[in-house]
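[1] Quick one, what's the 3D model for this:
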Amino acid sequence: MMIANALGPVFLLIVIGAFLNRINLPGTDYWPGIERLTYYVLFPALLIHRLALAEFSLGSLGALSAVVMVSLLLVTGLMALLYRFLRFNGASMTSLYQGAIRFNTYIGLAVASALFGEAGVAQAALALGIMIPLVNVGCVLIFAWWVGEEGVNGRAVFIGLITNPLILACAIGLLLNATLIGLPGWSAPTLQLLGSAALPLGLLAVGSALNVKALGHDWGPVLMSSTLKFLVMPATLWAVAVMVGLSTLQQQILVLIGCLPTASSAYILARQLGGDASLMATLITAQTLLAFAVLPLWMMVVVGG
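    Numbers count the residues shown, from 1 in each chain. Sure, this is the predicted structure:
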């Protein structure tokens, strides 16, 4: 019951977003603006606020970083092996890869807040601060490997990373924390107010972006990517976290992030870098819908209740 009560409002907001888009409220021209506001202003404000004021040690941050890096390498290695045996072309494999390792941060932080409170959101923000840049680098490298013809453009990768608002927010928050500057004066309540709007608007935007018509007949790739996303990724993060000795809360947060549906931004990357954008759209919608069933199951396993 506890899990249902925590996750119910999160999924209901996604459904409301889909319904509002269906009845054209506030209008199709407004949703892109809402998404940009959330991505470039509200969500970065939330990350900076949480990370700047979070309490953590360098040792725990190092252990968390090690778990994330090892897990991502293991899943990437598995994908590389699958590439040798599966009959999918490089463009399709990039969509499978993004479907397996990318995650929807809005859903993740909303669930972390609902289940674990302030401590959970702080731990989730720390994990995201580590995972977001690593996942972005990994995806760009995979595109260069499987569909690129001229190798990796290091300068473009670097510019993309340093201009990513979520990566910038994580870096600023961690820097403010490490230097003990924190959030002086009115900055803390201001960022808190901005950040409080990020999750409800982000979840509504997730719902508005759902496109059931995109669900075609790509059930083989959907099954493969969803198995990696909802089974392999969270199980790998959990196993490595247990071996390293992370706290129970950190283990729970990593499992939560691992089984989140893939991010809608994956479609943009697929379009820009020559991936299979049509398949990516299918995966985004299919995984978001599947998450309604899978997330509660995983949370019952690692949290109970």
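
[2] hmm, who's touching the strand or helix carrying A4?
    Element membership of A4, judged by DSSP states H and E, is helix 2-22. With C-beta atoms under 8 Å, 6 or more residues apart in numbering as the test, helix 2-22 has contacts from 26, 28, 31, 107, 110-111, 114-115, 200, 203-210, 288, 292, 295-296, 299-300, 303, 305. (Each C-beta comes from the backbone N, C-alpha and C, glycine too.)

[3] give the contact list for A114.
    A114 is in contact with A6, L7, P9, V10, counting by C-beta under 8 Å, 6+ apart.

[4] Neighbour-wise, which one of the residues you listed leads?
    Within these, V10 tops the neighbour count with 24 neighbours, counted by other C-beta atoms under 10 Å.

[5] Quick one: low-confidence residue ranges for the stretch 151-300 of the chain.
    151-154, 156-157, 214, 216-217 (pLDDT under 70).

[6] go again using 90 as the cut-off
    Residues of the stretch 151-300 of the chain meeting the criterion pLDDT under 90: 151-164, 166-167, 178, 180, 206-223, 225, 263-282, 285.

[7] Relative to L289, how far out is P221?
    P221 is 16 Å from L289, where distance means C-beta to C-beta, to the nearest Å.

[8] between those two, which one's more packed in?
    Between P221 and L289, counted using other C-beta under 10 Å, the more crowded position is P221 (21 against 15).

[9] that older thread, out of the contacts of A114, which one has the lowest pLDDT?
    The lowest pLDDT within the contacts of A114 belongs to A6, with 80.

[10] V294 versus that one, what's the distance?
    Using C-beta to C-beta, A6 is found at 15 Å from V294.

[11] so where does N24 fall, helix or strand?
    Using DSSP H and E, N24 falls within no helix or strand.

[12] scratch that, G185 is what I was asking about
    Counting by DSSP H and E, G185 is found in no helix or strand.

[13] And for P26?
    With DSSP H and E as criterion, P26 is part of no helix or strand.

[14] cool, V111 as well?
    Secondary structure from DSSP H and E places V111 in helix 105-146.

[15] same thing with I257?
    Assigned by DSSP H and E, I257 falls in helix 248-258.

[16] Name the residues of the next helix or strand after that helix that are buried.
    Under the assignment DSSP H and E, the closest C-terminal helix or strand after helix 248-258 is helix 265-272. For helix 265-272, burial by neighbour count (16 or more other C-beta atoms under 10 Å) applies to S265, A266, Y267, L269, A270.

[17] What angle do helix 105-146 and the helix or strand just after helix 265-272 make with each other?
    Next helix or strand after helix 265-272 toward the C-terminus (DSSP H and E): helix 277-302. Note on geometry: by axes from the mean of the first three to the mean of the last three C-alpha atoms, to 10 degrees, helix 277-302 and helix 105-146 are set 130 degrees apart in direction.

[18] Helix 277-302 packs against which elements?
    Using 3 or more C-beta pairs under 8 Å, 6 or more residues apart in numbering; DSSP states H and E, the elements in contact with helix 277-302 are helix 2-22, helix 90-101, helix 105-146, helix 219-227, helix 248-258, helix 265-272.
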